[in-house]
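requesting a structural model of the entry that follows:
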Amino acid sequence: MRVVVVYKNESDHARDVLDYLRDFKRQTGHDIETLDPEQPAGEQFCRAYDIVEYPTVIALSDDSHMQNLWRGLPLPTISEVSYYV
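Now for the predicted structure:
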């Protein structure tokens, strides 16, 4: 499984995402991958999964099929996301 947070570094929600990532790491011991939709890799990823709202948390299976998707704020609970890591 793979969990990715797509968010813009220079945005109003960036602080919320960074706090969430820190808390997630502290509580679970796992990191969550991040992507910036304004970078080439992030832009391609957003196009592939039809992500147009930020932040978005997406859980993917090992073969890259979407398992769950959370859009916008508030971010999902850590327990909801930790199921996928």
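
any idea what residue 68 is bridged to?
Beta-bridge partners recorded for residue 68 (DSSP bridges): residue 59.

what's the burial count for it?
For residue 68, the count of nearby residues is 14 (other Cβ atoms under 10 Å). Backbone N, C-alpha and C define where each C-beta goes, glycine included.

then residue 47?
Neighbour tally, residue 47, other Cβ under 10 Å: 11.

which element is it on?
For residue 47, the element it lies in under DSSP states H and E is helix 40-49.

and that helix, what other elements does it pack with?
Helices and strands touching helix 40-49, by 3 or more Cβ pairs under 8 Å, 6 or more residues apart in numbering; DSSP states H and E, are strand 2-6, strand 33-35.

now that helix: mean pLDDT?
Taken as a whole, helix 40-49 has an average pLDDT of 97.

now what about that helix, what contacts it?
Residues outside helix 40-49 that contact it (Cβ atoms under 8 Å, 6 or more residues apart in numbering): 4, 6, 35, 36, 37, 51, 52, 58, 66, 69.

helix/strand/coil for the fifth one?
Following DSSP: H, G, I helix; E, B strand; the rest coil, the label given to residue 37 is coil.

any idea how far residue 79 is from it?
26 Å (Cβ to Cβ, to the nearest Å).

so the two - more neighbours on which side?
Neighbours per residue, other Cβ under 10 Å: of residue 37 and residue 79, the larger number sits with residue 37, 20 against 9.

now do the contacts for the more buried one.
6, 7, 8, 43, 45, 46, 51, 54.

how about it, phi and psi?
phi -70, psi -10 (degrees, to the nearest 10).
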